[in-house]
Each structure stands twice: as structure tokens, then as C-alpha cells.
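Participant: okay, here's the prediction I keep looking at, along with the sequence it came from:
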Amino acid sequence: MYRSSPTPAVPILTAAALLLGVAAAEGRQSSIVSSQVAISASEAALHLDFSDGEGLNITLSDGVATVNGEALGSYDVGGAADRAWRGLLADVRSLADGPLARELERWRPDPNGAAADLELLRNLNGLLDEAVGGATGQDRQDRNDGPAQPLADLLEIIARDNYAEGLGEALEDIDLGSLDIRLNEDHVVPQGTLVEGGILVAGAGLDIRGRVGADVVVLNGVMNLGEGGRIDGNVYLIESEMERRDGWVQGEVVDVLRRKRIRDRDRVMAEVRRELEQMDRRTGSSPNRNPRGFLERVGRALGGVFEALVSFMFLGFLALALRRFAGSRMDAVARAVECYPARSAGVGFAGGFLIIPVYLLGIVVLAISVAGSPALLLWVPFFPLAVFAAGLAGFLSVGHYVGRRILDQEFQWLPWPDRHNALHVKMVGVGALLAPFAAGSVIRSIPDVGWLGGVVQGLGALACLAAVVLGLGAVIVTRGGTYTASPESPFADDLDSDPWFRKAGTEEEPVPWATSTESGNVGTDGTKEPDAPDTGAK
Amino acid sequence: MNVLSIPRIRAYVLLSGLILPSASAAGAPEARGQTWKTVTAARMITDEKLLRVRISYGAAVLKLGRSDAGLLYRAVLRVDEEAEPVIEYDHEHVHLGVSNRERRGIGWGDSGNRTSGNSMDLELSREVPLEVDLDFGAGRADLDLTGLPLRRLELNTGVAETVLYINELNPETMESAVFAAGAADFHIRGMGNLNAKTVTVKAGISSVTLGLDGEWPRESRLFVDMGLGALQLIIPESLGVQVRKHGSFLASFDTDGLVEREGTYQSANWAVADRSLDIEISAAMGSIDLTWIR
């Protein structure tokens, strides 16, 4: 480590820096326009910019002290010089301009320190004195020559909201009965004396050279803490300044107005946050500001779940009817969904775009052809119905696919659906497709995360839309279920073991394509699977 | 709608890259052996007629408020010692942020534990007009703009919880105020006090609450471009509002208190209100809710 054995260069550099500082100070009536204090484990730095364009940069870092980039000396990390410098920076970092300059000028190193440390600190002290001398002299001169603050002005100051509030805040924890109050008159606590209570000085100066046993409040004044001065409590400054000459404050030095402003800001922000949280807990409000309470939230959530249940039941009845009257066609569509998902999706997507043009074209063609006029009467209402039915049938078929995939997981919490019952399988799938709507309704009623409910419902809507497109494509690909997919489908077992299927074509009275054939596949229940449905050829 | 708008892209990137380290940092103790650097900087007003402020701040806590009289700005930054606070002033321009020594970049800094204890407490002049450009990455921002003379304001947040509050009318007039939130909780109160001709809010994956209270001293327009999330508008009953909603059917719109007229939704007092606001909302997915206040 770079140790502080003085080298010939150091005193020369120091002297040069001091001379430069003196010259700069004598030549300018400048003020500090910018200050920067950086403190970390390895570094303690002060950077000052003055109004005349000059700058001063003192850095103690990793055992080396530099001034404007030039080495000034070295020090022990954590030693007396390091601690003294850090103590100074900690004291001044909240200050700016005149108060900062004065505090820097007041600073004196401890004369009882080690010689090497003392030399470095004295050099730093000299640099600071010379650098900030011009920034404090004028200000101090103005204050000394200025007239005493008239009482009327003082009262006016106190009457102003901020100061009154600040004074109130400063006096909050002080025993007013023990307070020695001095209005508009300078006050001195002489060396060797002890004031047991606190002191309040307004509109004047307070010079403490003795000991004050409690808090000190200074309003619109200047407090000088002289050498040997000691304050056992806190110092509260309201529009005031404090000058310290090696005095000691056991408590805190508080800039009351600044602290109040920061507290006010934090309080307001906390209130805003609380208010926003309360707002968020509402799911909305009506124009007459009826807040939506817990019961209304629960009601809305239950309403959403009920809507999903009604949809589920409707689709369940529809699935039941389709199994009863068009079971084999539904099987064919379900097989297409599983065997040709990409083709089905593509066809469904294209079909979705072509539905309206085909519908309109059909109307035009039938309208202009004499023979087609009677058919037009059927085309206009039944084409949309057919498309709607195809979409629903396709949706149920996709539901079958989804249900099968879910049941394949053999979830322990889902024991009751019979995976060999096509209706059960479909309803599991349809339930899964509708579940996001119910879940979204419930989530929307939960404060703070209600917006996620909309997201869940949106994703559910996307999934259902995709199911309809895929299913519609499968309906088209199978020409309404008259063209079946490969019997190699893994769905074969649950499709062919379906009770409705068996009811339509039982062992005793099998449907033509469900009878045992040599080419048929054997289902899980031992029934033979057909190669083709009864209604169409491959 | 521009599906791949900047805040949305940023949101996706941030979601993949920042949420996890930020989340882990939030609940984790400080890194072992981590040391901190505290930098306090202050500058007095000299001859500045305007101050352009650029803040690039990666993570943790940011507080913004107004300074004491005579000060141009005051900043207190607490950062990991490995990071380098950036406080650069050139005539009427100030740039504040954090630079990572290893990455040699200014702005996002490090992620995870190294930034979990970071903080910036910034106070800006109440006397010099301000143009503020703020990029805030992850964490929490408390922005109290009360008393700040703002001429321009642009705020970009990543994965952040941001509360912006303005309790008094901005003494300066703003042409536009722009807020872009990536994946964030974003709240504004007192938007009418911004004194802006247009206010634009772009949100990626966010929960956004816009308090439309305040003075609204001129006819103003509010544009909201939402990706995925929830938008809540808090509207004073005395304010006349007209809402146009674009976007997909996947964004629900609670029209309580509004009447549909020719494709727009208007409050009952739209034609007669002393103060009015034209709102245009574009939303891809989520919900838009209205809350009326006196």
C-alpha cells in the first residue's frame, strides 16, 4: 500500500496546491455551484465546482489521497485520517452552497492525531479553507452587518404555514416548560456553564460555548457551536444555519423543513398508494359511486360460473343428441381431428373466410336461376344454421380430443368419467375448454389480480375459437362425417365402445359397418371395430 | 393496432430476462460481502433557463420530488460499489443514472442481488422549467411531480411498480406527456394537473390506473395503447369524457356511466362540462374499467 512517508514531491505539490488555492480564493468572489460527495468502503471523495469555473476534487481512495488528480499523500485505510475525512463528508453531504462552504471552512483536524495523519489532514484543511474562503466570506460579512430581524418580521415568518408547522414539528418532543426562549435577541451560553433545559432562539444568533443539556431550536437565525460547546440533545434548524467549531452534538442536527417536506412527500405517496389499493379492490363503480362490495363481487363471480355451467349443460345435451342421432358421423369427425389436425385446421380457417362469400354467391346464383328460386328459400335460412351446427359439432369433436388427452393423464382427482364412454370424454374436454371462463369470472372478483381474470377469459376465448375452427375444418374434411379417418386412431377404443354406439348397433343388432369382420380392429372391450362407417365409402 | 409496439416488445424481453432475477432479488438478503457507495450531489441554479433531465436507472427504488429553493437538483444515490453512479451536468443538461463498470453501459446496471438495495432520491428545481426523460427498469418508483415546472415528460418503465402523483397544476404547459410501461403496475393520480395537451400511455403487460382528476386547464387528449392487462380509469364526475375504443374483442370495456353515440362513448355531461377530455383506447386483451369519483 502507498504509505504516507513524506516524499519531497508531496510538500511541493501541497504548497503549490495551497498557493493555487490562495490565488483562486483571492481572485474570486465565487460560490459553490455544485457539490458531490461519494462515500464507499474504499473511497471518500469530495468534488466542488465554483461559480468562477474552478473546481476542487479531493479523493481518499485505497490509501492514497489525491487533489485534482495529483497525489497529495497517503493514509491508513480505516485510520484516523480516513475516519476524520469520512466524518467531515458525512456531516456536509446534505448541505449546499453557503452552509456547505462554511462547514468546510470550519472543519479542523484533531491536533492529537498521529503525525502522518495530522500532516495530511492539515493539508486537506488548508486546501478547503483556501478554496471555500471566497464562498463564505461575503455571506458571513452580509450577515454580520445586517440589521437585527424585527419582531414583526419574525412573527410574520412564524405565521407562514410552513414555518409554523415546522416549528410545531420541532417542538413536538420538547418539554416546553424547560425551554429557555429568546426572541429576536442574540444569546450566548458561556464556556463552563451548563443550561439544563433546552433553548429556543428565533430571529437571532445563538453562540454555544458551554453545555446545553437538552434540545436546541433555532428559527431564522444562526447557531454557532464554539470550541468546547456541547449539546446533549438534538439541534433543530428552521430556516437557520449552524456553524460548528469543534463543538459536539450528541443527538441529530435536523433541518426541520427539509425533513418535513420529505415526510410529507412520503406520507402523500403512501396515501395515494392506499387510495389506489382501495380503488383496486373495487371491480369498478357505477356513475352514482356505488362501491362494489364483497357480496357483489361474489355475485358476479357466481354469475360467471353459472354462465359457464349453462353453456356446459347446453353442449352436453347437444352432444347427447348428436351421439343419439349422428353418432357415427361424430366419430368420423373426431377421428379427423385426431388424424388430420393440420389439414382440418387449414380447411377450417379457409372455410371460415369462405363461408360468407359462398353464402352470398349461393344467394346470387339461386336468385338468378329460375329453377333455383325455390331452393333459395331453403338456402337463406338453412345455410347459416348448417354452418352453426357444423361449428358446434366440430367444437364437440375437438372437445372429445381434449377430453381424451386429459383422461390419458389418469388424474387421481378425476376418477369418475368413463374413458370408454364417448359422452364422458367429450364433456371432460368441453369442460376443460369452458373452464377458463368460469375461472376468469372468479379471478376477476379478486382484488389486485382481477385483471388476470380478463386475461384468462381471453385465452379461453382464443382456445374455443381455435377449437371451432379446427372442428369446422374436420367437419368439412369428413364431408359432414361421412368420410372416416384411419381406424388406427388411438380414439378407436373409446369411440367404438361407446354405449350409444353399441345401442345403435349392438352385438345382437349391429350396424352394418360395426359388425365383426376380418379386417376390423378389436376394441378394448372386445368389440370389433369397423373399417368404415355405414354412411359413406372411403 | 401496432401489435409489436416498443413497450410490448420491452415487456416480453423484460418478462423473460428481468422478472426472475428481480423477483429473486426482492425476497433475497443482500449479497454476502456486498458493499455500497453513497453519492450525494447538489447543484445551485445559476443562469439556467431550462433543465433537461435524463434519468436512466435500472432497478430498486426511485423517488422524485421538488428541491429546496435555489437548488437546480439534488440527488442521493445508493448503489453497489462495483457500479458507478452517473451524474453528468453540461449546461442545462443533466444525466443521472448508474453505469456498470464491467458492462460499460449506462442505465440498466446489474440485476439481482447487486441492485436490490439500490436507491435514488432525486429532487428537481421548482424554479427552472424542466424537460424530463426517465427510463426506469425494475423496482418501485414514487414520483411526486407536485410543484415541478414541467415542459416535457417522458417516462419509460420496465418491470416496475410506479406511482406518479401531481397535486398542483403544472405552471408550465406541456405539449405532450408520454408514459410507457412494460410489465408493470402503473398508477397516475392528478393527470389533469400535468397541464399537457396530449397524454399518451403505452402499456405492454400491465395493470394501469389513470386518475383523471386535476384541473385540465385546456382541452386535452388521452391516448392509451394497452397490450395485455387491466386499465382502470378514475374519472371525476365533473369531467366530460368521450371514449373511443379500438382493438380486439378480447378486451372487455366497462361502459358504466357512458352513453354510446355514433361509435363513441360519452359521459352524460360531455356537451356541457367545463372541462373535457377526449380519450382514445386501443387494447388487445384484458379489461377496461371505469371508476367515477366526485
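Facilitator: Great, that's in hand. Numbering: from 1, shown residues only, chains lettered A, B, ... in the order given.

Participant: in the helix or strand hosting residue A:423, what's buried?
Facilitator: Element membership for residue A:423, per DSSP states H and E: helix A:422-444. Residues A:422-434, A:436-444 are the ones in helix A:422-444 that count as buried (16 or more other CB atoms under 10 Å in any protein chain shown). Yep, even glycine has a C-beta here, placed from its N, CA and C like the rest.

Participant: now swap in stretch A:60-74 and tell me
Facilitator: In stretch A:60-74, residues buried by neighbour count (16+ other CB under 10 Å) are A:60, A:63, A:64, A:65, A:66, A:67, A:72, A:73, A:74.

Participant: rewinding a little: ok, the helix holding residue A:423 near chain B or not?
Facilitator: Yes: shown here: helix A:422-444 in contact with chain B (CB under 8 Å from any CB of the partner chain) through residue A:444.

Participant: what helices and strands are in contact with that helix?
Facilitator: Helix A:422-444 is packed against helix A:294-339, helix A:373-408, helix A:450-477, helix A:492-496, helix A:499-504, with contacts defined by 3 or more CB pairs under 8 Å, 6 or more residues apart in numbering or on different chains; DSSP states H and E.

Participant: pLDDT on the fourth one, on average?
Facilitator: Meaning helix A:492-496. Mean per-residue pLDDT for helix A:492-496: 50.

Participant: helix, strand, or coil at the residue of the stretch 1-150 of chain B found nearest chain A?
Facilitator: Relative to chain A, the nearest point of the stretch 1-150 of chain B is residue B:37 (3.6 Å; CB to the nearest CB). Applying DSSP: H, G, I helix; E, B strand; the rest coil to residue B:37 yields a three-state assignment of strand.

Participant: likewise for residue A:262?
Facilitator: helix.

Participant: for it, which non-adjacent residue is spatially closest?
Facilitator: residue B:65 (7.6 Å; CB to CB, 6 or more residues apart in numbering or on different chains).

Participant: double-check the one you found against residue B:123; I have them as touching.
Facilitator: Yes: Residue B:65 lies in contact with residue B:123 (CB atoms under 8 Å); the separation is 5.4 Å.

Participant: before we move on, the earlier item: ok now the helix holding residue A:423, how far from the chain's centre?
Facilitator: 32 Å (CA atoms, centre = their mean, to the nearest Å).

Participant: got the angle for that helix vs helix A:450-477?
Facilitator: 150 degrees (axes from the mean of the first three to the mean of the last three CA atoms, to 10 degrees).

Participant: tell me the one of the buried residues of stretch A:60-74 nearest chain B?
Facilitator: residue A:60 (13.8 Å).

Participant: contacts for the host helix or strand of that closest one?
Facilitator: Applying DSSP H and E as the criterion places residue A:60 in strand A:55-61. Under the criterion CB atoms under 8 Å, 6 or more residues apart in numbering or on different chains, residues A:21, A:42-50, A:65-69, A:72, A:75, A:81-82, A:85, A:124, A:127-128, A:131 lie in contact with strand A:55-61.

Participant: in helices, which of the residues you listed appear?
Facilitator: Those of these mapping onto helices are A:21, A:81, A:82, A:85, A:124, A:127, A:128, A:131, per DSSP state H.

Participant: what number of residues lie near the fourth one?
Facilitator: Right, residue A:85. Residue A:85: 25 surrounding residues under other CB atoms under 10 Å in any protein chain shown.

Participant: now do the contacts for it.
Facilitator: Contacts of residue A:85 by CB under 8 Å, 6+ apart are A:44, A:60, A:121, A:124.

Participant: and these as a markdown table, adding pLDDT and distance to residue A:394?
Facilitator: Formatted as a markdown table, these follow (pLDDT from 0 to 100; distance: CB to CB, whole Å):
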| residue | pLDDT | distance to residue A:394 |
| --- | --- | --- |
| A:44 | 91 | 75 |
| A:60 | 91 | 78 |
| A:121 | 86 | 87 |
| A:124 | 87 | 85 |
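
Participant: excluding residues flanking it in the chain, which one is nearest the residue of the stretch 1-150 of chain B closest to chain A?
Facilitator: residue A:40 (3.6 Å).

Participant: same question, residue A:464
Facilitator: Using CB to CB, 6+ apart, the nearest residue to residue A:464 is residue A:433, at 5.6 Å.

Participant: can you tell me how far that neighbour sits from chain B?
Facilitator: Distance, residue A:433 to chain B, using CB to the nearest CB, to the nearest Å: 16 Å.

Participant: adding distance to residue A:218 as columns, could you present the ones in helices among the contacts of strand A:55-61 in a markdown table?
Facilitator: As requested, the ones in helices among the contacts of strand A:55-61 are exported to a markdown table (distance: CB to CB, whole Å):
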| residue | distance to residue A:218 |
| --- | --- |
| A:21 | 31 |
| A:81 | 32 |
| A:82 | 32 |
| A:85 | 28 |
| A:124 | 29 |
| A:127 | 30 |
| A:128 | 25 |
| A:131 | 27 |
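
Participant: farthest pair in the residues you listed?
Facilitator: Using CB to CB, the two most remote members of the ones in helices among the contacts of strand A:55-61 are A:21 and A:82, lying 22.4 Å apart.

Participant: which of these two has more neighbours?
Facilitator: A side-by-side neighbour count of residue A:21 and residue A:82, using other CB under 10 Å, places residue A:21 first with 22 against 18.

Participant: flag every residue of the stretch 1-150 of chain B that's near chain A.
Facilitator: Residues of the stretch 1-150 of chain B lying near chain A (CB under 8 Å from any CB): B:35-44, B:46, B:63, B:65, B:68, B:70-71, B:74, B:81, B:85, B:87, B:89, B:142, B:144, B:146.

Participant: and if we set it to 7 Å?
Facilitator: Contact residues, the stretch 1-150 of chain B versus chain A (CB under 7 Å from any CB of the partner chain): B:35-44, B:46, B:65, B:68, B:70-71, B:81, B:87, B:89, B:142, B:144.

Participant: among those, the buried ones, what's the ChimeraX command?
Facilitator: To isolate the buried members of those in ChimeraX, using 16+ other CB under 10 Å:
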select /B:36,37,38,39,40,41,42,43,44,65,68,71,81,87,89,142,144
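
Participant: so which of the residues of the stretch 1-150 of chain B next to chain A are in strands?
Facilitator: Those of those mapping onto strands are B:36-44, B:65, B:71, B:87, B:89, B:142, B:144, per DSSP state E.

Participant: residues of the stretch 151-294 of chain B that sit close to chain A?
Facilitator: B:163, B:165, B:187, B:189, B:207, B:209, B:228-230, B:232, B:234, B:250, B:252, B:254, B:256-257, B:285-287, B:289-294.

Participant: of those residues, buried ones?
Facilitator: Here, 16+ other CB under 10 Å leaves B:163, B:165, B:187, B:189, B:207, B:209, B:228-230, B:232, B:234, B:250, B:252, B:254, B:257, B:285-287, B:289-293 buried among these.

Participant: quick one, what contacts the residue nearest to residue A:262?
Facilitator: Contacts for residue B:65 (CB atoms under 7 Å, 6 or more residues apart in numbering or on different chains) come out as A:265, B:123, B:144.
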